[in-house]
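Q: The following comprises the amino acid sequence and a computationally predicted model.
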Amino acid sequence: ATPRNTMTRDWSAIHIILLLFLSSSTAFLRPAVPLSSTSVGFPVLSRTTPPRTHLRARLEIPRVELSSLTPQEFQTRFDHPDATPVVLTGIFEGLEGVCEEVVEGLGLLDLDYQIRSSETGLSEHLTGTLDDFIEECFQSSHDFSALLFDEQLLQNVPSVRSRLELPEGYFGKDMFRCFPDGLRPMDACLLMGGEGSRSTLHADPYEWVGYNILLEGSKLWTFADPSEGLGVDKCLEAYRLEPNAWQGHAMSAGWQSDVDLYRSKDGESKDEWVGAEQLGRMDPSNRQHALERAPQLSRRVFSASTVIDEGVRASGFYEVVQKEGDLVLIPPRWWHQTYHLEPTVAVASQYFNQRTQDRVFRHMLGWSRREGKQDVEAVLAEVYATCDSEEGRVELLLKRCLEGKLGAKKGLEAWDQLVSRHGVSKVGFDRVGK
């Protein structure tokens, strides 16, 4: 294996502030609790709404200032089940302060992070101080990258919740608020990584709308269109991944691929690629130009861990760079993988609302009930005919899902236990971003 290179410590002023906060921590740490999105995957047949069957024209992922749209325009274009990805700007102000709050709030908390080998695809899980993690970020590279992914930590920084709240007039009410705590997905994942760190290639569970708010740094995103006619699932050898969470009552499963779109950094244009050290030294104009080139250049720099059909890649894959302050909106079922161009801090989450509830409900019923499509349609019709309120629809749907997994009697008993133990919260950490 190639030794990790130490990155020159010549970052922007914000990076320096970040480091000062991180280096002040002296706490000894233990491993973080298991993440609800960490799962043991197994290949199974899909029992949910099939991907869209139409082929769309080749698109460019747009960058849109939210204030330039009315709520109705935003919802018509970007907030519905068949939407395409978008980068939203101008939603938040003062994110440098939010980043400082996050990092300062973690000073006495425990962290678990990982070092990933690009050659083997395996990760070494480590426990250490914030100083330890930052040292790994300094050394992080494409070959050995440092990543922190934790869904618990931000519960200890409550001030961040209100700072990153999405405007309800645009995004609507998050119906995950109606779930009991024991079944509600964790909705505030902290992501920190060094240069070269990356996510897995996946599509999210529940067919929810995911989102990611970048507080610091820059990331390259690659999306893959799930439209059935493109053959992306087959190309990626997709399998279903049921989360190891929610007290064993998983009502959803995402889609996972073992393909790494950024496996090798050895393409014909690799010498043109701008790394974190260079980005940190550039003036704003040159930095902007380098980031704008990255999406197109990436196809001539990175090689995937398996051969991807060129026709599928050309017609179904899209790249975009996320910059500080950007919110990336991930529509239901879209494949995505991220690559950290430099050290980053981000918050990730998800939601569903009245415009996307049908997609989420069908997914949950399809995964929880094995009787087939006819049964799913019958239950869905019952839910809409019986309940007028969001809370009522969610409660009845969850009961029917538990009955489908456990049987009628045990399913209702499980519901009663969950509600008595956790209650159904309609307020709280609802809108913090992915």
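A: Okay, I see it.

Q: tell me the phi and psi of Gln322?
A: phi -100, psi 130 (degrees, to the nearest 10).

Q: That one: neighbour count?
A: A count of neighbours around Gln322, defined by other Cβ atoms under 10 Å, yields 23. (Glycine included, C-beta is placed from N, CA and C.)

Q: pLDDT value on it, please?
A: With respect to pLDDT, Gln322 has a value of 98.

Q: what pairs with it across the strands?
A: Using DSSP bridges, the beta-bridge partners of Gln322 come out as Lys219.

Q: give me every residue that touches it.
A: For Gln322, the contact set (Cβ atoms under 8 Å, 6 or more residues apart in numbering) comprises Val87, Asn212, Leu214, Ser218, Lys219, Leu220, Trp221, Val328, Thr338.

Q: Is it possible to get JSON lines of these that adds neighbour count, pLDDT and distance to Gly182?
A: Below are these laid out as JSON lines (neighbours: other Cβ atoms under 10 Å; pLDDT from 0 to 100; distance: Cβ to Cβ, whole Å):
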{"residue": "Val87", "neighbour count": "19", "pLDDT": "98", "distance to Gly182": "34"}
{"residue": "Asn212", "neighbour count": "25", "pLDDT": "97", "distance to Gly182": "26"}
{"residue": "Leu214", "neighbour count": "25", "pLDDT": "96", "distance to Gly182": "31"}
{"residue": "Ser218", "neighbour count": "22", "pLDDT": "97", "distance to Gly182": "37"}
{"residue": "Lys219", "neighbour count": "25", "pLDDT": "97", "distance to Gly182": "32"}
{"residue": "Leu220", "neighbour count": "22", "pLDDT": "97", "distance to Gly182": "36"}
{"residue": "Trp221", "neighbour count": "21", "pLDDT": "97", "distance to Gly182": "32"}
{"residue": "Val328", "neighbour count": "26", "pLDDT": "98", "distance to Gly182": "29"}
{"residue": "Thr338", "neighbour count": "25", "pLDDT": "98", "distance to Gly182": "29"}
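
Q: What helix or strand is the closest residue to Gln296 other than its chain neighbours located in?
A: Leaving aside its chain neighbours, Gln296 sits nearest to Glu319 (7.3 Å; criterion: Cβ to Cβ, 6 or more residues apart in numbering). According to DSSP states H and E, Glu319 maps onto strand 317-322.

Q: again, but for Gly97
A: Assigned by DSSP H and E, Gly97 belongs to helix 95-105.

Q: Can you pull the phi and psi angles for Leu166?
A: Dihedral pair for Leu166: phi -80, psi 140, per degrees, to the nearest 10.

Q: Give me the distance between it and Tyr351.
A: Using Cβ to Cβ, to the nearest Å, we find Leu166 at a distance of 8 Å from Tyr351.

Q: of those two, who's got more company?
A: When neighbours are counted by other Cβ under 10 Å, Leu166 and Tyr351 differ, and Tyr351 comes out ahead with 25 against 22.

Q: Next one: that one, what pLDDT does it get?
A: Here the pLDDT value assigned to Tyr351 is 96.

Q: all numbers from here: first residue = 27
A: Renumbered: residue one is now 27, and that last one reads Tyr377.

Q: bridging residues for it?
A: Here Tyr377, judged by DSSP bridges, has bridge partners Val235.

Q: That one is in contact with Arg203, isn't it?
A: No: using Cβ atoms under 8 Å, Tyr377 is not in contact with Arg203, being 9.1 Å away.

Q: Next, the contact list for Val327, please.
A: Listed by Cβ under 8 Å, 6+ apart, the contact partners of Val327 are Lys291, Gly293, Ser295, Lys296, Glu298, Trp299.
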